[in-house]
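1. what follows is a predicted structure for the sequence shown.
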Amino acid sequence: IMVSTLNELSQLKYSDFGQPWPRHGLNLLYWFAQDYIDFRNGKIVSIYSPQNGDFGFHEYYNRIEDDDDHIVPLQNLPYYEVGNLNARGADELPDYVRAKYNQNILDSNKDRIIVRQDANGNFNRVYVTEHSDPRRFYRSRTYRVSQGLLQIIKNMSREQYLKQTSNTREDRARSTLQSCNVNETAPDNKSWCTIL
């Protein structure tokens, strides 16, 4: 099975993973790199155990859908999936990942991260993908995310990351608007906005 690897932010940007709005994949990947993993001795180390189901993690069985090939390589190692905002435990994900979720808009819940766990509990592969329909994933829209790219993401603010990975003017405008707020406690109800 041949899966392209994303090594740079620009490759992630032009892969269209997590885009356009209201998809949640870019924020999901940011959360994963920032809060779910760490790096030690050249390995991707999980801070939590995906077997526990925290954040909506559950086992991914990598079965063949109809007559299509597997979307990730067959290995005698477990795979886990996260990103289904309806899954048990997904309410533990940060608000910025769940913010645009609407059960009536399928695109707001189609992005996933799939990880392969080695015998030591480290993640030796990380993939991003999206649903083609409620049951299947797009094989052609499944990408491996390199450890280097995960480290780049971990060292960025979310605003920097979204600015560099959003591939449309509308997405960039929405990320700017998400940084805006109305101060309802101020007597004159003035608005303020952080320009990114």
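-> Thanks, I have the structure now.
2. so the residue lying closest to Gln34 once chain neighbours are set aside versus Asn122, what's the distance?
-> Take Gln34 and drop its neighbours on the chain: the residue closest to it by Cβ to Cβ, 6 or more residues apart in numbering is Lys154, 5.9 Å away. For every residue, glycine as well, the C-beta is placed using N, CA and C. Per Cβ to Cβ, to the nearest Å, Lys154 is found 16 Å from Asn122.
3. quick one, what contacts the residue nearest to Gln34?
-> Shown in contact with Lys154 (Cβ atoms under 8 Å, 6 or more residues apart in numbering): 33-34, 37, 39.
4. mind redoing it with 10 Å?
-> Residues in contact with Lys154 (Cβ atoms under 10 Å, 6 or more residues apart in numbering) are 30, 32-35, 37-39, 161.
5. now Ser49
-> Here Ser49 is in contact with 57, 80, 117, 121 (criterion: Cβ under 10 Å, 6+ apart).
6. now, which of those sits nearest Arg98?
-> Nearest to Arg98 among these, counting by Cβ to Cβ, is Phe57 at 15.2 Å.
7. per-residue pLDDT, the closest one?
-> pLDDT for Phe57: 98.
8. shouldn't it be in contact with Phe123?
-> No - using Cβ atoms under 10 Å, Phe57 is not in contact with Phe123; the gap is 11.5 Å.
9. would you mind listing the residues touching both of those two?
-> Shared contacts of Phe57 and Phe123, counting by Cβ under 10 Å, 6+ apart, come down to 36, 46, 50, 80, 113, 115.
10. next one: phi and psi at the second one?
-> Torsion angles at Ser46 (phi, psi; degrees, to the nearest 10) stand at phi -80, psi 130.
11. related to what we said a few turns ago, ok, Phe57 and Phe123, which is more surrounded?
-> Here Phe57 and Phe123 are compared on neighbour count by other Cβ atoms under 10 Å; more neighbours surround Phe57, at 26 against 21.
12. do you know how far that one is from Val97?
-> Taking Cβ to Cβ, one finds Phe57 at 13 Å from Val97.
13. swap in Asn62?
-> 24 Å.
14. so Ile153 lies in a strand, does it not?
-> No - Ile153: not assigned to a strand; according to DSSP: H, G, I helix; E, B strand; the rest coil it is helix.
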